[in-house]
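A.B. asks: below is the sequence, then the predicted model.
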Amino acid sequence: MTENNLLPFDGEAYLFPQLFTAAESDTFFRRLQQETAWKQEPIKMFGKEVMQPRLTAWYGDADKSYTYSGITMQPRAWNEVLTTIKTKVESAAQQVFSSALLNYYRNGQDSMGWHRDNEKQLGINPVIASVSFGAARTFKLRHYEKKAPVVSLELTHGSLLLMAGTTQHHWEHALPKTTKVQEGRINITFRKILY
Ligand SMILES: O=C(O)CCC(=O)C(=O)O
Ligand SMILES: [Fe+2]
């Protein structure tokens, strides 16, 4: 990997700030916003059902369903725009993906809490490829056991973040709420589901 590792120890994270040009990214944002089957899903939090603070959709190879934060998602078939993005991401990541979780953060009040992408279905040291379009948002990683240090990144329009190695064991990540952003952001995390 020619990019610099952003994590000081216990994992790997690499940022490609401009995998896609601004013009490509504008088109992808608009198409993903319009063509995706967005839904707001409930999630169990301390035994209570609450709505997730974002819209989501799950796409992927037909034989790979996925359980994420307690919800099992049936994948929709890859469409043209996702296939185009996936092909470019696979060549940057040097790895093939089976599935994609799409997240639509409608504004700065939409968010994702601290978690690790450590489901057994992803294997021991998964590569997670995270592409962002639309409003730039701050993404945070922090060491899981120590809750520090915190590494903050700006995920800008057309960027790719790769998390690899032992990151999902030792680091958790989040997309915090912010009052500074009024515009939407669409994120796609490509994953490889093994079974
Ligand atoms: O929106 C982001 O950048 C984070 C998404 C994420 O962590 C996930 O889908 O697991
Ligand atoms: Fe995640």
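C.D. replies: Alright, I've got the coordinates. Ligands and ions are numbered 1, 2, ... in the order given.

A.B. asks: interface residues of the chain facing ligand 1?
C.D. replies: Contact residues (Cβ under 6 Å from any ligand atom) of the chain with ligand 1: 101, 103, 112, 117, 130, 139, 155, 173, 175, 187, 189. Where you see a C-beta, it was placed from the backbone N, CA and C, and this is true even at glycine.

A.B. asks: the last one: neighbour count?
C.D. replies: Residues near residue 189, counting by other Cβ atoms under 10 Å, number 19.

A.B. asks: doesn't residue 142 fall inside a helix?
C.D. replies: No. Judged by DSSP: H, G, I helix; E, B strand; the rest coil, residue 142 forms no part of a helix; its state is strand.

A.B. asks: with residue 118 as the reference, measure out to the residue of the chain found nearest ligand 1.
C.D. replies: Scanning the chain for proximity to ligand 1 using Cβ to the nearest ligand atom identifies residue 187 as nearest, at 3.5 Å. Here the criterion is Cβ to Cβ, to the nearest Å. By it, residue 187 lies 18 Å from residue 118.

A.B. asks: neighbour count for these two, which is higher?
C.D. replies: Looking at residue 187 and residue 118 with other Cβ under 10 Å, you find the greater number of neighbours at residue 187, namely 24 against 13.

A.B. asks: is it true that residue 169 lies in a helix?
C.D. replies: Yes. Inclusion of residue 169 in a helix is indicated when three-state DSSP is applied.

A.B. asks: hey, where'd the helices end up in this protein?
C.D. replies: In the chain, helices defined by DSSP state H lie at 22-35, 80-93, 167-170, listed in chain order.

A.B. asks: buried set for the last one?
C.D. replies: Neighbour counts using 16 or more other Cβ atoms under 10 Å place 167-168, 170 of helix 167-170 among the buried residues.

A.B. asks: let me know the closest of those to residue 62.
C.D. replies: residue 168 (25.1 Å; Cβ to Cβ).

A.B. asks: thought that closest one was touching residue 127?
C.D. replies: No. Judged on Cβ atoms under 8 Å, residue 168 makes no contact with residue 127 at a distance of 9.7 Å.

A.B. asks: take the residues of the chain next to ligand 1 and lay them out in a markdown table including pLDDT and distance to residue 58.
C.D. replies: Conversion of these to a markdown table gives the following (pLDDT from 0 to 100; distance: Cβ to Cβ, whole Å):
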| residue | pLDDT | distance to residue 58 |
| --- | --- | --- |
| 101 | 96 | 6 |
| 103 | 98 | 10 |
| 112 | 98 | 15 |
| 117 | 96 | 14 |
| 130 | 98 | 15 |
| 139 | 98 | 20 |
| 155 | 98 | 20 |
| 173 | 98 | 19 |
| 175 | 98 | 18 |
| 187 | 98 | 13 |
| 189 | 98 | 10 |
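
A.B. asks: so what's the residue count around the closest residue to residue 133 other than its chain neighbours?
C.D. replies: Excluding the flanking residues, the one nearest residue 133 by Cβ to Cβ, 6 or more residues apart in numbering is residue 29, at 4.0 Å. Residue 29 is surrounded by 20 other residues when neighbours are defined as other Cβ under 10 Å.
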